[in-house]
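1. Here is a sequence together with a model predicted from it:
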Amino acid sequence: RRVPTEEISRRARLFDWLPLREVERRGWINAPSSKLEELEQAACAFLGVSEVGQEPELVVSLRHSLRNEAERSSQRAWVRRVEQLAAMQEVGQYAQERLRDSIPRIVAEARTADGAGRVPAMLGELGVRFVVVPHLPRTKLDGAAAFTRSGPVVALTMRFDRIDYFWFTLLHELAHLVLEHRGGHLDGETEADVVDAEEAEANQLAGGWLLSDTEVRRFAARFPCIPPKSALETFAQEHGVHPGIVAGRLQ
């Protein structure tokens, strides 16, 4: 059949607003048919709005320095999925002081490769909901942190499968919570990105928790080029972190 111009326009608007096929492929929504009305209803239900094009109330504000609307639509979907998964979790009572005082215990898990697997349960005991949602195409998201009505949430994308990336991103998001940065933070790469005061503060605090710049620079200065593996492993052991974290900081 010949598709009316109005339907073409509505369909284009829908797919610009939400990466529908990718969201459906991941099982985040169920659109049983290709009928436009049903696709619109499924998309609106997923984002919790009444009509296509309406901006949902998300716990994390989308970036203003995005390259294009496709990236914004992917971020919109990612944040919404984070909210959905976080809402399913039962966690302990949250207190900022408990989280702050527990950071050394969390960081101690960075000694081994499998320590990351114990982090979700530890955060849950502290009242922090932790989720991993892979980033969607056209985005370069690393993670997010936000205070929701039900408590704080930390989300990671694990865009890079590296131990140093996991730990620094995790601690950066936890730093936002410890510093009580309100309004929600969506962290990742964008063109012409500007590191604001809160991001710089979170970077500094997270880096100090894990491995200070001063210690890394002092270690690197001992060698004319790349430190030998044995020296790197010794340094990592002395500072209670996995060698991969030291290698990542040196890079």
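-> Received it, and whenever you're ready, just let me know what you need.
2. residue ranges of the helices in the stretch 151-251 of the chain, please?
-> 163-178, 197-210, 213-220, 229-238, 243-250 (DSSP state H, counting those that start in this stretch).
3. nearest to Glu40, of these?
-> Closest to Glu40 of these is helix 163-178 (C-beta to C-beta; 33.6 Å). For the C-beta atoms, the positions are set from N, CA and C on the backbone; glycine is no exception.
4. could you check the angle helix 197-210 makes with that closest one?
-> 120 degrees (axes from the mean of the first three to the mean of the last three C-alpha atoms, to 10 degrees).
5. which helices and strands sit right next to helix 163-178?
-> helix 96-107, strand 141-148, strand 151-156, strand 185-188, helix 197-210, helix 243-250 (3 or more C-beta pairs under 8 Å, 6 or more residues apart in numbering; DSSP states H and E).
6. Pull the distance from that helix to the chain's centre.
-> 9 Å (C-alpha atoms, centre = their mean, to the nearest Å).
7. what angle do that helix and helix 243-250 make?
-> Going by the same axes, to 10 degrees, helix 163-178 makes 80 degrees with helix 243-250.
8. ok, and which of the helices and strands packed on helix 163-178 has the densest surroundings?
-> For these, average neighbour numbers computed from mean count of other C-beta atoms under 10 Å are highest in strand 151-156, which has a mean of 24.
9. Within the sheet, what are the partner strands of it, with directions?
-> Next to strand 151-156 in the sheet, as set by DSSP bridges, lie strand 129-132 (parallel), strand 141-148 (antiparallel).
10. Quick one: residues in contact with it.
-> 59, 82-83, 86, 91, 94, 123, 127-133, 142-147, 166, 169-170, 173-174, 177 (C-beta atoms under 8 Å, 6 or more residues apart in numbering).
11. Could you give me the PyMOL selection string for whichever of those residues are buried?
-> The PyMOL command for the buried members of the contacts of strand 151-156 (criterion: 16 or more other C-beta atoms under 10 Å) is given here:
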select buried, resi 59+82+83+86+91+94+123+127+128+129+130+131+133+142+143+144+145+146+147+166+169+170+173+174+177
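12. how many neighbours does Thr234 have?
-> 15 (other C-beta atoms under 10 Å).
13. Distance of it relative to Ile163?
-> Using C-beta to C-beta, to the nearest Å, one obtains 18 Å as the distance from Thr234 to Ile163.
14. ok, now Val246?
-> 10 Å.
15. where in the protein is pLDDT low?
-> The model of the chain has pLDDT under 70 over residues 1-3, 64-67, 190-195.
16. Any idea which residue is closest to the centre of it?
-> Nearest residue to the geometric centre of the chain (C-alpha atoms, centre = their mean): Gly143, 1.3 Å.
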